[in-house]
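# Give me the fold of what follows.
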Amino acid sequence: MTALVHRPLGQRIPDRLHAVSCSLPTMRDVIGYEEKDPAITAHLTSGYPRFVVHPLLRRAAGVLQRTQPGLAGREIWLCAGAAVGEALHAQLDGVGEVVPVTPHLTVYAFPPAVSLADDVAAALSRRTKHYLQHTGGFASSRAAEDWLVARGEIAATLSPDEGLDAETACARVRGAVAGFFGAGLAAADVCLAPSGMAATYAAFRAVNAVQAPLGRTRWVQLGWLYLDTIAILQKFTATAAEDYLHHENVFDLAGLEKLFVAHAGKIAGVLAEVPTNPLIQTPALPALSALCRAHGVVLVVDPTIASALNVDVLPHADVVVNSLTKYTAGEGDVILGAAAVNPAAPLAAELRPALAAAAALAAVYPRDLVRLAGQIGATPALIARINENTPRVVEFLRAHPQVDEVFWSGHAASAANYAALARTPGSVGSMITFTLRPSLALPAFYDRLRIAKGPSFGLSTSLICPFMYLAHYDLVTTEEGRAELRRNGLNPDLLRLSVGTEPVEELIEALAEALA
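Predicted coordinates:
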């Protein structure tokens, strides 16, 4: 019996309490989710943890509002530790109050509702949610679960591997990640974070700590990146109008060098995804690295799309950031991230302590590490199976008359650049993005498809989503936004498929059925 079946709206993927994805089975559901339609959102049991506040966090917040003195009637958000709460407090210009509950669970409370105008309260809520989303500062759902269990509000639900002690789990995860990153990296050099975005934000802050005293405050976004990475560069640079620079073409290193010359002595860093999300473009990383070092620019590289087990980027990067939610947590029920400094980087001595300090801002919850430690040993086998499946799916899609463009790590535009970094000729990763020909409407295909439909990637379960709708709905739904997407080579109807470990014949059959 095939595992590729239609999943109902809102079902967790996987069907576990701490799942990182949830089913959005039709385009109507996707649009309703983005537009906060109650008819759709009422069915969501959870969602990707940085976008949808986990039900356990909501329940813990309700208990705190009911029982904690002074919190009744106030909007509250739960942060990953007191330091995140204090940083959020500063970001909101000192409005509100920080109330530590446990070392991993801190309340950020707005002033009483009666003291805020509706528009002010709504703006504060948006800013708070975006800050925690962009920086990965939300409290862990397992931290909320344990707090609720301790109070007798709910019963405990542990995974079979959660008997491991936290210290052993941390050592196992850091050792495995160091081995994945390679290049002689020590386990002690791996900084862990509550999410991939928390790791990226830590790297951003660390580079700023080293470069800003030298007068370097500007950042370059190389190509089109994941939306929260873009948001960090747009919102948290010293002066956004001057310090955020976007170099659109990842292959145009001559143009990038001109940008470096035009901003000589002022650029702190370049943030690059290798490959990019969602077009899976790979820049000529060795040449990019040499260019950055020649101009005193720190290069931060994120290999999450393909996995550090598939591409060897550390020798060319100054700092590597990675979402451990993808591939290493292949069962899909834990969110974590990691960052590390290349020991051979020119500024390694300065960047190492700065990264450790920045990563310590957000508290990593021990049970999340324990859960990841139980899965991370299976990562090489998971990736090997995915690497076998992906080229066969690509071959099918490229040959199908209803499919227009297909992007993957072997795309002709950057196949040579990718091959130069690939650990083996077959190290291709899970990601495929593609567009349909006009003769097949997106809803007709998407609604019919039996592959699990939701955000995230790098799971044993294949996942597909209309990526631009989920990541950039504001751009998809305006003419100005669509023009911006077109300038960056992005089709609003782009589909992002993460190939899993199911029998590849079943994946191809499901795609063929929906394309028919």
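
# Only C-alpha atoms from now on, for both contacts and neighbour counts.
Noted.

# which strands and helices sit next to the helix or strand hosting residue 87?
Residue 87 belongs to helix 82-91 when assigned by DSSP states H and E. Packing contacts for helix 82-91, counted by 3 or more Cα pairs under 8 Å, 6 or more residues apart in numbering; DSSP states H and E, involve strand 97-102, strand 105-109, helix 118-135.

# possible to save those as JSON lines with distance to residue 292 and mean pLDDT?
Formatted as JSON lines, the helices and strands packed on helix 82-91 follow (distance: least, Cα to Cα, whole Å; pLDDT from 0 to 100):
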{"stretch": "strand 97-102", "distance to residue 292": "40", "mean pLDDT": "94"}
{"stretch": "strand 105-109", "distance to residue 292": "39", "mean pLDDT": "96"}
{"stretch": "helix 118-135", "distance to residue 292": "25", "mean pLDDT": "91"}
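
# need the ones you listed in a markdown table with distance to residue 41 and mean neighbour count, can you?
Formatted as a markdown table, the helices and strands packed on helix 82-91 follow (distance: least, Cα to Cα, whole Å; neighbours: other Cα atoms under 10 Å):
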| stretch | distance to residue 41 | mean neighbour count |
| --- | --- | --- |
| strand 97-102 | 29 | 18 |
| strand 105-109 | 24 | 25 |
| helix 118-135 | 17 | 16 |
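
# quick revisit: pull out the buried positions in the helix holding residue 87.
82, 83, 84, 85, 86, 87, 88, 89 (16 or more other Cα atoms under 10 Å).

# Kindly report the same for stretch 142-152.
142, 143, 144, 145, 146, 147, 148.

# Distance check, residue 310 against residue 460.
Residue 310 sits 16 Å away from residue 460, going by Cα to Cα, to the nearest Å.

# list the helices and strands whichever strand or helix holds residue 169 packs on?
Remark: residue 169 resides in helix 166-181, with elements defined by DSSP H and E. Applying 3+ Cα pairs under 8 Å, 6+ apart, one finds that helix 166-181 makes contact with strand 190-193, helix 366-376.

# Switch the helices and strands packed on helix 82-91 over to TSV; also include distance to residue 439.
Converted to TSV, those look like this (distance: least, Cα to Cα, whole Å):
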stretch	distance to residue 439
strand 97-102	55
strand 105-109	50
helix 118-135	37
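
# Quick one, which of these gets closest to residue 24.
helix 118-135 (20.3 Å; Cα to Cα).

# centre of the chain versus the closest one, how much separation?
20 Å (Cα atoms, centre = their mean, to the nearest Å).

# which outside residues touch the next helix-or-strand element following it?
The helix or strand immediately downstream of helix 118-135 is helix 141-150, counting by DSSP H and E. The contact list for helix 141-150, computed with Cα atoms under 8 Å, 6 or more residues apart in numbering, reads 18, 54, 56-57, 60, 104-105, 154-156, 365, 367-368.

# Recalculate using a threshold of 7 Å.
Outside of helix 141-150, the residues within contact range by Cα atoms under 7 Å, 6 or more residues apart in numbering are 18, 54, 56, 57, 60, 104, 105, 154, 155, 156, 365, 367.

# Point out the least confident member of those, please.
Lowest pLDDT of those: residue 156, 85.

# what about it, which SS state?
coil (DSSP: H, G, I helix; E, B strand; the rest coil).

# Please name the nearest non-neighbouring residue to it.
residue 149 (5.9 Å; Cα to Cα, 6 or more residues apart in numbering).

# And for residue 41?
residue 33 (6.0 Å).

# thinking again about what came up before, between the buried residues of helix 82-91, which is nearest residue 195?
Distances from residue 195 to the buried residues of helix 82-91, taken by Cα to Cα, are shortest for residue 84, at 13.4 Å.

# Surely that closest one and residue 364 touch.
No. Using Cα atoms under 7 Å as the test, residue 84 is too far from residue 364 to be in contact (11.7 Å).

# what angle do the longest helix along the chain and helix 366-376 make?
Identified as the longest helix of the chain according to DSSP state H is helix 379-399. Put simply, helix 379-399 runs at 70 degrees to helix 366-376, going by axes from the mean of the first three to the mean of the last three Cα atoms, to 10 degrees.

# Check residue 157 and give its pLDDT.
81.

# Can you give the contact residues for stretch 185-196?
Residues contacting stretch 185-196 (Cα under 7 Å, 6+ apart): 136, 174-175, 178, 199, 322-324, 335-340, 356, 359, 362-364.
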